[in-house]
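1. Provide a 3D model corresponding to the input given below.
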Amino acid sequence: MRTLVLNAGYEPLAVVSFRRALVLVMNNKATIIKADDDNPVSSTTGEYERPSVIILSRYVRVPYVRRVPLTRRGVLRRDANHCAYCGRSANTIDHVVPKSRGGEESWENLVASCFRCNNVKGDRTLAQLGWSLRFTPRMPSAGMARSRPRPAPARMGRFPGASRLALSACEAEPESLQPPHADSTHGLEHD
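-> This next block holds a predicted model:
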């Protein structure tokens, strides 16, 4: 039989065996809140209640480390959809240390990358190409990884095809408003 262990603040901590729970009670580290009266625990020295729920006498602080799940979408979001090599709009992810050279699937080894940089880099290291990262990749904070509400889609009028064409024309940026490319960081010429 298993026993629920509550922290001093009545938060559930763990489920342990009734034997472990009984030891905590006998050492005055916990108090029985609810017992199974139908199945007492018998020993040579006496009979004891079988605990089903106990509460600890002192509050136990539990360290909470939240690992953010590693996903393609999470890497792109962390890097704000900008290439870690040239700063252009990113649409792929790249292993800083290639998998064929022992690179891992980790937040510290994955960065957002544009198609061009990803293809040029290929299976090579940054040192071989003379490139450098624009930032040090790290695991994002748990707050950043939470899904953010998406904006509502544009309302489609009576003519959905015409609305999509108008919407795509509005989203296109004029050449003068596009940011300059950071080609000088690694000597690539982007088209």
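2. quick one, helices of this structure?
-> With DSSP state H as the definition, the chain shows helices at residue ranges 18-26, 72-78, 115-121, 126-129, 142-145, 160-171.
3. Comparing those by mean pLDDT, which bottoms out?
-> When these are ranked by mean pLDDT, helix 160-171 comes last with a mean of 43.
4. May I see the domains of the chain written out as residue ranges?
-> Following automatic domain parsing, one gets these domains for the chain: 2-56, 69-144.
5. wait, which of these is closest to Val62?
-> Between Val62 and the domains of the chain, the shortest separation by CB to CB is 6.9 Å, and it involves domain 2-56. All C-beta spots, glycine's among them, are computed from the backbone N, C-alpha and C.
6. ok so, going back, I'd like the domains of the chain written out as TSV, with distance to Val62 and mean neighbour count added.
-> Formatted as TSV, the entries for the domains of the chain read as follows, by distance: least, CB to CB, whole Å; neighbours: other CB atoms under 10 Å:
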stretch	distance to Val62	mean neighbour count
domain 2-56	7	15
domain 69-144	16	16
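7. can you tell me which residue is nearest the centre of the chain?
-> Nearest to the geometric centre of the chain sits Val68, at 1.5 Å (CA atoms, centre = their mean).
8. That one touches Ser106, doesn't it?
-> No - Val68 sits out of contact with Ser106 when judged by CB atoms under 8 Å, with a separation of 11.4 Å.
9. Disregarding flanking residues, what is the spatial nearest neighbour of Glu49?
-> Taking CB to CB, 6 or more residues apart in numbering, and ignoring the residues beside it in sequence, Glu49 has Ala35 as its nearest neighbour in space, at 3.8 Å.
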